[in-house]
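> The following comprises the amino acid sequence and a computationally predicted model.
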Amino acid sequence: MTDAAGQRYRRLRQALDEELLACGRRAGDVTLVGVAKKQAPDAVAEAITAGLRDVAENYVQEARVTLAALPPVRAHFIGRLQTNKAKAIAEIFDVVQSVDRPEAALALDRAARTLGRRVTVLVQINVSPTERFGCPPEAADALVEAVRGLPGLAYDGVMAIGPLTADREEIARAFALAAKTFGRVGGTTLSIGMSGDWREAVRAGSTMVRIGTALFGRRESP
C-alpha cells in the first residue's frame, strides 16, 4: 500500500497554512474536510493516519459503507438533504452542511430528536449561477432564525459552493458574497472552497474547505 493520500494530505495542509499566513491569518485556522465521494476507503484511511479528522460524503448509502471501514472521524453530509432521508442522515452524520430550506431543517430536527441527538448544521446558500441548490443569500437570515429555533439542531454557520468557472475574479466575488452573508447571519464556520478554488476561499475568510480530488486523486469510475 502506498501513502499517496497521506503525502497529499501533508502537502495540502502545509499549503493551506502558508496561504493563511500570507493572508495575515493563523496557521490551522481552516479545517480540512476530506470528501470521500467515490474514493477508495484505503486512500481515505491513509489521509486519516496522516492527520485528517473530518470526512464528508454526498450519499447516505455510500457513507454507511465508507465510514464503517474507517477509523473514527467527524462525519459531514454535503449532499442534497432529501426529507425522506433525514432519519438516516441524522443517524450517520455529525455535521449536515446542506440545510437550504425550512422543510429540510424541520425534517432533520424531528429525526435528530427521535434519535436523541443534536446535529450540527450549516445553512447552504447559493452564490453561483451554476449551482442548483442553496437558499438565496437574502433569504439566509430567515432560514438561520428558523434553524436556531429547532432544538434538535445546532446552528454553526454557512456553506456555499463556488461557481464552475476558470474566472478567478468571478470565484472571488462569489466567495465574498458568501463571507458577507456569513458575517451578517453569524456562526463559527464558513465552509467555502474545494480542490480548484480553496485559495480564493481562504482569502475570503473560509474556516473550512472541502477537498476531494486534490487530496485523494481522481475518483474511481462508477
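Alright, I've got the coordinates. Numbers count the residues shown, from 1 in each chain.

> so where's the chain shaky on pLDDT?
Across the chain, the ranges flagged by pLDDT under 70 are 1-2, 219-222.

> Can you show me the strands along it?
31-35, 54-57, 74-77, 95-99, 119-125, 153-160, 189-191, 208-211 (DSSP state E).

> Indicate which one of those strands is closest to A140.
strand 119-125 (5.3 Å; C-beta to C-beta). (C-beta placed from N, C-alpha, C; glycine too.)

> if we look at the closest one, which residues are touching it?
Contacts with strand 119-125, where a contact means C-beta atoms under 8 Å, 6 or more residues apart in numbering, come from 90, 93-100, 105, 108, 112, 133-137, 140, 143-144, 147, 152-161, 178, 181, 185, 187, 189, 191.

> Could you do stretch 209-219 as well?
4-5, 8-9, 12, 16, 30-40, 43-44, 47, 52, 56, 76, 78, 97, 191-196, 198, 201-202.

> ok, and for that stretch, which residues are buried?
For stretch 209-219, the neighbour count (16 or more other C-beta atoms under 10 Å) marks 209-212, 214-216 as buried.

> Adding distance to Q82, write the residues you listed out as TSV.
Formatted as TSV, the buried residues of stretch 209-219 follow (distance: C-beta to C-beta, whole Å):
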residue	distance to Q82
V209	25
R210	20
I211	25
G212	21
A214	28
L215	27
F216	25
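
> Is the nearest residue to R13 once chain neighbours are set aside bridged to anything, and to what?
The spatial neighbour of R13 that comes closest, neighbours along the chain excluded (C-beta to C-beta, 6 or more residues apart in numbering), is L32 at 6.3 Å. For L32, the beta-bridge partners are V209 (DSSP bridges).

> just use 53 as the starting number from now, easier for me
Sure thing, new numbering starts at 53, so read that last one as L84.

> Could you turn the buried ones of the contacts of strand 171-177 into a ChimeraX selection?
The ChimeraX selection below is limited to those of the contacts of strand 171-177 classed as buried (16+ other C-beta under 10 Å):
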select :142,145,147,148,149,150,151,152,157,160,164,186,187,189,192,195,196,199,204,205,207,208,209,210,211,212,213,230,233,237,239,241,243
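
> quick one: contacts for the spatially closest residue to N110 that is not a sequence neighbour?
Nearest residue to N110, sequence neighbours excluded (C-beta to C-beta, 6+ apart): G131, at 3.6 Å. Residues in contact with G131 (C-beta under 8 Å, 6+ apart) are 109-111, 150.

> out of these, who's nearest A120?
For the contacts of G131, the nearest to A120 is E109 (11.7 Å; C-beta to C-beta).

> Contact partners for that closest one?
So E109 contacts 87-89, 115, 118-119, 127-131, 145 (C-beta under 8 Å, 6+ apart).

> With A159 instead?
Taking C-beta under 8 Å, 6+ apart, we find A159 in contact with 133, 135, 138.

> Could you dump these into a markdown table with distance to V175 and neighbour count added?
As requested, the contacts of A159 are exported to a markdown table (distance: C-beta to C-beta, whole Å; neighbours: other C-beta atoms under 10 Å):
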| residue | distance to V175 | neighbour count |
| --- | --- | --- |
| L133 | 11 | 23 |
| T135 | 16 | 16 |
| A138 | 16 | 23 |
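
> Next step: these restricted to helices.
Counting by DSSP state H, the part of the contacts of A159 found in helices is A138.

> Reformat the contacts of A159 as a markdown table; add distance to D219.
Putting those into a markdown table (distance: C-beta to C-beta, whole Å) gives the following:
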| residue | distance to D219 |
| --- | --- |
| L133 | 29 |
| T135 | 35 |
| A138 | 36 |
